[in-house]
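Peer 1: whatever this is, show me its structure:
(4 chains)
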Amino acid sequence: CSSTEPFEQPAPVPDIRGNVDIDDVWTTSIGDGLDGELLQLSPVYAGDTIYAVSADGVVASVRSEDGDMVWEKDLDTRLFAGPGVDGEHLYVVTREAELIALSNTDGTELWRIELPTEALASPQSNGNLVAVQTIDGRMLAFDASNGDQLWQYEAQVPVLTMRSSATPLVGGDVVIGSFANGRVMALSASDGQPLWQYQVGQPSGRTELERLVDIGGQPLVLDRALMVVGYQGKLALIEIRSGQEIWSRPASSLYSPAVGDGRIFLSAANGDVLALRGSDRRELWVQDSLSWRRLTGPAVVGDYLVVGDYEGYLHVLSAEDGTLVGQWQFDSDGIRAPIRVIEGDKLLVYGNSGDLAVLELQPDD
Amino acid sequence: CAFPGVYKINVQQGNIVTDEELGQLSEGMPRSQVHAILGTPLTIDPIDPTRDYYVYTFQRRGGDIEEQRIVINYDDDQYTGHEAKLLEETPAY
Amino acid sequence: CASQQQDEPEVLAEKTYYENAREAMNSGNFNEAEENLDALETYYPFGRYAEQAQLDLIYARYQNMDLEGSRAAADRFMRLNPQSDHLDYALYMRGLASYNIDLGLAARYFPIDPSARNPGEQLQAFRDFTQLLNRFPNSDYALDARQRMIAIRNRMAELELHAARYYIKREAYLAANNRARYVVENYPSSPAVEEALILLADTFRYLELPEGADSAIATLRKNFPHSEVFDADGNYQSDRLQRQDRSLLNVVTFGLMGED
Amino acid sequence: DEFTVADIEVEGLQRVSAGSVFSSFPVNIGQQIDETRLASAIKELFRSGLFTDIEVARDGNVLIVNVEERPSISSIEIEGNDNIESDMLLDALSDAGMQEGEVFQRATLERLELEILRSYIAQGRYNARVTATAEPQPQNRVAIHLDINEGSVASIQHINIIGNRDFSEEELTDLFELRTSSWWNSLTNKDKYARERLSGDLETLRSYYLDRGYLDFNVESSQVSISPDKQQVFIAISINEGKQYTISDIRLRGDLIVGEEELRKLIPVEEGDVFSRAKMTSISESLSYRLGREGYAFANVDAVPEPDGEDTATVTFYVEPGKRAYVRRINFEGNVSTKDEVLRQEMTQMEGGVASTDRIEFSKDQLDRLGFFQTVEVDTVPVPGTDDLVDVNYSVQEQPTGSLSASVGFSQSSGIILGASVSENNFFGTGKRASFGVNVSDSVKSANISYTDPYYTVDGVSRGFSVFGRQTDYDEEDISSYLLDEYGAKLTFGYPTDAFTRINFGLGVTQSKVKDGRYTSTEVLEFMEEEGNSFVNYFLSGSWRRSTLNRGVLPTDGYSHSLSLDVAVPGSDLTFYKTSYKTNYYFPLTDSQRWVVRLRGEIGYGDGYGDRSRMPFYEHYYAGGFGSVRGYEANSLGNTVVSNYDGDEDPFGGNLLTEAGMEFIVPTPFAGDTRSMRTSLFVDAGQVFDTDSEPAYDPDLGEIRAAAGVSFQWITAVGPLAFSLAKPLNDQAEDDTQVFQFSLGQTF
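Peer 2: Residues are numbered from 1 along each chain as shown, chains lettered A, B, ... in the order given. The predicted model follows:
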């Protein structure tokens, strides 16, 4: 007879004879972390300082070198998105959909305006324009200095979407947003008019669930091209100028892909980690022992690959053949914020309980 | 029977037709239009198609029954005239 | 999960069920007949005896006073055997079941006049019998069906008269007139027409519509010359509309004293 | 090449009868046919849907039709469904023609898979999987197997309302049917997301704002997002409240029929009030209801607010009376045992008269008040072909209106007791009340017969009589010990003085004989010395009763008062009088009237007059037991007398009765919305006093006994059945309490 328990059961943690250790350079903690609202609030590395926020309203700036607190401020309001950082400001969005700009030197509030509805993607700014993407498919642009609204673009998104939204890219004269309708769109920074669009996922299937085609990960900028991936959609490389597709292959992931010496790495929605050859996108290897453990996007460090999962384990894979070579439970509440590679060989990890750390890999051979 | 103060309801029958409504009728009007103005006649004389009867009766608290009768005459289904003996007021209840 | 093996009651041969049923029917034990026929239905739905079993089931249930069940069995028979030549029987039984469904216990043993009450499922019976007469005009159940249809229609005409008489008592003569006219127009061949014509005449007279009254009396005289409202030399005398106005004393003493 | 068909043979039939093949195969013997006609005939046969394959061959002039029947379904098996019961699925299957014995069509199978999947999605089970397979079986049959994996339900993690300034988020989400996940919410499935429930909640939100004056309220967007593991749902609703409007002016437009001044009386709001859509709708209803009384049954009134200032709006009521409607026929349905006249005499709306909505409604209430019907529905239906005639259809559901009790018992003191009583409020459906009872045992022989015709005249003048005879030894009914024989007869009349009030009066004569026995108490003996033991009393009784109770049996709304006086007129042996006042109030707490508070009270007083100083003891009031103070034995309250023989105490009643009660009526659990059952929590209190008792009468309110408990009533075919569990609150040592009590045949 049929199995009745849900068939997307996360695999148990595989035990491995790892030979790569993960040591922490420094760790600190930011407020209560990300509570049960499935938020990402991934920290921002800005050279010598790192900015991070917690869901219960703590905004902090720490020194990249040793994690000491530069300044910390409790906004005493629940946060849903952020931080977004530019030259002088730091932007967050509250649960009640208010965009707040703070000075990134001491956290004093500069201006605050109301958004039409919730936003999950961190606001992005190029210094004079701040772009915020709301969950109902709107992209709003504000003047970074005083918060006046510059323009607004509205995309049609389905009633049911995924609880994740890709962070927009803000260039000098273009804002690139990836929407829940499976489209990546380039909007003119001056008036928000669409310049081009690329359909990553095509909704198909009988139920609302089968028709989900959200784009969860921020597109990866590779000099004049963008690598995008969507849920139940495609992995594609498209030209930044025109949105023309260079190549594409079917894939389904909610996190940005990663590239490393000619190889493309992807953590698929079903928990597989796979590597493709850059030249012809042929599959090099698939690591499927972490199925349905809700992996974060892969971070490439040297010839290793690191992903986090929903129980807070960090898994190190060999970039060569995908074998699991290292493992460490960093934060039992889980890891959901994408892992950032900083300073070439260090990892910036932000656990759900609020633990913020810079780590580095110690292969012991 | 004659119990003192027995509560009896008013009994109303038939179409309420007012003088003003009768005023709207004009020669040659088809029967359907007469019915549109005065309403569908509730008493139908199965035999004589050249006439419509608009009868109205009202019995207040079991007393005598007041009656109002209007006869509408038609010639080949077109209104030719009417005879009416109207009551001053024709309450509905 | 293992597929549960309920212990199937030991299944007899098709023929034995059918014979048991037949025997039970003849000896009047309709309960046992019904059980066997039900068994036949479940185990041999397409067997040789299927059609006959479904037919007997209608009759067995009818005899067991399970009129709803009998109706359902008839419907099922007609659905499964659209071409059977016993269709007229099934349709007739369906009508018969509807005809008796609402006859309460009291109506069977006490002198209750059913026509003063709502016909209920007998209307459905009327529809079933009409279908029977249309589709199988020369079925041998047609005659009885027609008789019952006449009885139903007369009963409905009587019901109209009850309402008309009440409206006369209520002194709502226009309502009484319309009810009486309804009988004359819709149940022309029912015995209630005589009383209806009389009420029609009296109410037309009261409403001072002499032509209506005269035509009613003329029709009455033609169809019911010996009606009791015609006196010796044929004049129309009727007292249906006489108002009841008994004196207080008379009412209190149940009519012994005081003028009526 | 054409040929004439000599004969047609059909091969391959297993289940389908040859008749049905011929009836859908348009070729008959002796007919000229050619290729094209044959092809279209085959296509016709295919359309019957009975066959998967049809081949036609020719053998000389004989047409051989070889058919392969579509398999029929041998069995249907469903597995893995917990949240949708199998029989609901089976019904869906049978509606689509998929039933054991029916023809199997693959297309319907796929369509069904989708339909079942969609009903799971509607329950918020997004990752459900439904696969249907058909395995071939012997004799060209097929077994259907539905394998369902219901997956898990996405529970709601948060409902976030953005843009609410004047009302807090809690206040707004409390209105919602959908709730965030918590253990108690998951019990009621409230935290399971379903799209219909969300749109329902948004509508509730809109009317909440519109009912508080926010004319420009608008739901900007409502976005639902689901977690990657499909276990959690997040709802974000962004609203724009807009300003709160107050009314600047109220105007009436259109043909007002009864004049503006009359209609203005029905508009309770005035300038400056906050605009509320709910109030505007109820005002429109009351205006069109008022026009309905004048015969405008199709009247339609719309309240249209137009903002005319910063935050003010004028409200215009557009009145369209439509045509004056007349009632052609009033039809009754469902009164299979009650006579047509019994319903028609309750109608204040006449056939052939102006259709007045409140008379039609009042008549429906009158049918409810008869107590003969469990439910009464009324439906005003326009007569096709006319624009101003309507038929009014009342459909009723009859319920038992009588009570039948027979008792066979045995007690040492009075031997075998045989008793039977029949009472019927709707005697053979004639609307008349009749009851007949007889009770025979060694020490008690009694018989009574009573008959009332509530509609002796068409206006509701009632007339009735009752005759009774009783030879009793009060030992049986635990009332003070003496023998009382009584014979009597009574005539009763009554008539309405207005729609809700009736006056009744009656005259009667009773011959009573008191005999002492071994147990008689001193008080009785004293009375017999003073007054003798045999009396003939002529009674004149009158009562005034006003009742707006909405139902004759188990009412849920309205009140009733009744004041009665019974006097033994001069010329009787014992001149005395008894007067009592009784009241009942029902306050429904919800629109469904399934939660109701009932208050009741009764005061009775009796005394002698003329040369009698007291009322006869056998006419005393008693208290305790059903219909009085539950929790105490029947008739046991009040002072008692001591029997001379064995010294045990017997209740003696009193001439002053005080009684009150409060009930909290609740929906009967597991019984759904049935109108023939009633469960209630109650507090009863009451006492009887004897104002002429020797020791100076000092009415001490502390004497009043009370009890609280729960009671259950059920109207059955045998009669009204009632149980009660009561806990006496202030019973004294000598009280006879009775926690569980049961009664049959007594409605109160």
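Peer 1: and D:Lys279, that's in a strand?
Peer 2: No. Counting by DSSP: H, G, I helix; E, B strand; the rest coil, D:Lys279 is located in no strand; its state is helix.
Peer 1: and what about the closest residue to it other than its chain neighbours, helix, strand or coil?
Peer 2: In this structure, D:Lys279 finds its nearest non-sequential neighbour in D:Val269, 6.0 Å apart by C-beta to C-beta, 6 or more residues apart in numbering or on different chains. For glycine as for every other residue, the C-beta is placed from the backbone atoms N, C-alpha and C. Here D:Val269 is recorded as coil under three-state DSSP.
Peer 1: hey, where'd the helices end up in the stretch 251-365 of chain A?
Peer 2: Counting by DSSP state H, counting those that start in this stretch, one finds no helices in the stretch 251-365 of chain A.
Peer 1: counting neighbours, what do you get for the closest residue to chain C within it?
Peer 2: Proximity of the stretch 251-365 of chain A to chain C (C-beta to the nearest C-beta) peaks at A:Trp292, 24.8 Å away. By other C-beta atoms under 10 Å in any protein chain shown, the residues close to A:Trp292 number 19.
Peer 1: okay but it is in contact with A:Gln9, surely?
Peer 2: Yes. The pair A:Trp292 / A:Gln9 is scored as a contact, 6.4 Å apart, by C-beta atoms under 8 Å.
Peer 1: so what's A:Val58 up against?
Peer 2: By C-beta atoms under 8 Å, 6 or more residues apart in numbering or on different chains, A:Val58 lies in contact with A:30-32, A:72-75.
Peer 1: out of those residues, who's nearest C:Ala50?
Peer 2: A:Asp32 (73.0 Å; C-beta to C-beta).
Peer 1: tell me the secondary structure at that closest one.
Peer 2: coil.
Peer 1: residues contacting it?
Peer 2: A:54-56, A:58, A:353-354.
Peer 1: tally of neighbours for D:Ala107?
Peer 2: D:Ala107 has 7 nearby residues by other C-beta under 10 Å.
Peer 1: scratch that, A:Asp48 is what I was asking about
Peer 2: Residues lying near A:Asp48 (other C-beta under 10 Å) number 9.
Peer 1: any idea how far the residue nearest to it when sequence neighbours are not counted lies from A:Ala46?
Peer 2: Of all residues not flanking A:Asp48 in the chain, A:Ser64 sits nearest, at 5.4 Å (C-beta to C-beta, 6+ apart). A:Ser64 sits 8 Å away from A:Ala46, going by C-beta to C-beta, to the nearest Å.
Peer 1: cool, A:Trp111 as well?
Peer 2: 21 Å.
Peer 1: cool, and D:Ser94?
Peer 2: 67 Å.
Peer 1: most proximal residue of the stretch 1-150 of chain C with respect to chain D?
Peer 2: C:Gln83 (3.4 Å).
Peer 1: ok, that residue touching D:Ser23?
Peer 2: Yes. Using C-beta under 8 Å, C:Gln83 is in contact with D:Ser23, at 6.8 Å.
Peer 1: quick check on residue 47: phi, psi?
Peer 2: Just going to use chain A. phi 70, psi -110 (degrees, to the nearest 10).
Peer 1: switch to chain D, that's the one I care about
Peer 2: According to degrees, to the nearest 10, D:Arg47 has phi -60, psi -20.
Peer 1: could you look up the SS state of the closest residue to A:Glu118 other than its chain neighbours?
Peer 2: Counting by C-beta to C-beta, 6+ apart, A:Glu118 lies nearest to D:Ala236, which is 4.2 Å off, once chain neighbours are set aside. With three-state DSSP as the basis, D:Ala236 sits in strand.
Peer 1: OK, contacts around D:Ala236?
Peer 2: Contacts of D:Ala236 by C-beta under 8 Å, 6+ apart are A:117-118, A:135-136, D:160, D:162, D:221-223, D:225.
Peer 1: from A:Asn181, how far out is it?
Peer 2: Taking C-beta to C-beta, one finds D:Ala236 at 17 Å from A:Asn181.
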